[in-house]
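Asks: okay, predicted coordinates and the sequence, questions at the end:
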Amino acid sequence: MHDFCMKIAESSPKLIIISPHKFPIMKESYGWKEVQNVVLDRVHMRVFDSLIFEEKPENEQKNE
C-alpha cells in the first residue's frame, strides 16, 4: 500500500477518498496530509494534499 500511495502522491496534488466507513487511514509517511474530513450519514469523505507532488513547468507540460 505504501508504494502505491507514494506513486499517486508523485502524480497528483490532491486525493479524495469516499468510504462507507472510517478507513482507510492515509499516513503522512505515505506522502499525504489530510486537510478535510466530512461525515454525512456514516459516509466519510477525506481530502488529502500530496506532500511530494511537484508541478511541471508550463512549457514541459505542453511537450508531452
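Replies: Arrived safely, thanks for sending.
Asks: least trustworthy helix or strand in the chain by mean pLDDT?
Replies: One helix or strand of the chain scores below all others by mean pLDDT, DSSP states H and E: helix 58-62, with a mean of 61.
Asks: which residue packs closest to Val43, ignoring adjacent ones?
Replies: Spatial nearest neighbour of Val43, chain neighbours left out: Pro20 (5.9 Å); criterion: C-beta to C-beta, 6 or more residues apart in numbering. (Each C-beta comes from the backbone N, C-alpha and C, glycine too.)
Asks: how close does the one you found get to His2?
Replies: Pro20 sits 24 Å away from His2, going by C-beta to C-beta, to the nearest Å.
Asks: got it, and Ile16?
Replies: Counting by C-beta to C-beta, the gap from Ile16 to His2 is 19 Å.
Asks: what does stretch 19-31 rub up against?
Replies: Stretch 19-31 has contacts (C-beta atoms under 8 Å, 6 or more residues apart in numbering) with 1-2, 5-6, 8-10, 15, 17, 32, 34, 42-46, 48, 50-52.
Asks: can you rerun that using 10 Å?
Replies: 1-10, 15, 17, 32-34, 37, 39, 41-46, 48-53 (C-beta atoms under 10 Å, 6 or more residues apart in numbering).
Asks: for ChimeraX, what selects the buried ones among those residues?
Replies: The following ChimeraX line selects those of these that are buried, judged by 16 or more other C-beta atoms under 10 Å:
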select :5,6,8,9,15,17,32,44,46,48,50,53
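Asks: in strands, which of the contacts of stretch 19-31 appear?
Replies: 15, 17, 32-34, 37, 39, 43-46, 48-50 (DSSP state E).
Asks: can you put these in JSON lines and add pLDDT and distance to Met26?
Replies: Listed next are these as JSON lines, based on pLDDT from 0 to 100; distance: C-beta to C-beta, whole Å:
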{"residue": "Leu15", "pLDDT": "95", "distance to Met26": "7"}
{"residue": "Ile17", "pLDDT": "92", "distance to Met26": "7"}
{"residue": "Trp32", "pLDDT": "95", "distance to Met26": "4"}
{"residue": "Lys33", "pLDDT": "95", "distance to Met26": "9"}
{"residue": "Glu34", "pLDDT": "94", "distance to Met26": "7"}
{"residue": "Asn37", "pLDDT": "92", "distance to Met26": "11"}
{"residue": "Val39", "pLDDT": "92", "distance to Met26": "16"}
{"residue": "Val43", "pLDDT": "91", "distance to Met26": "17"}
{"residue": "His44", "pLDDT": "91", "distance to Met26": "12"}
{"residue": "Met45", "pLDDT": "92", "distance to Met26": "13"}
{"residue": "Arg46", "pLDDT": "93", "distance to Met26": "7"}
{"residue": "Phe48", "pLDDT": "96", "distance to Met26": "6"}
{"residue": "Asp49", "pLDDT": "96", "distance to Met26": "11"}
{"residue": "Ser50", "pLDDT": "96", "distance to Met26": "11"}
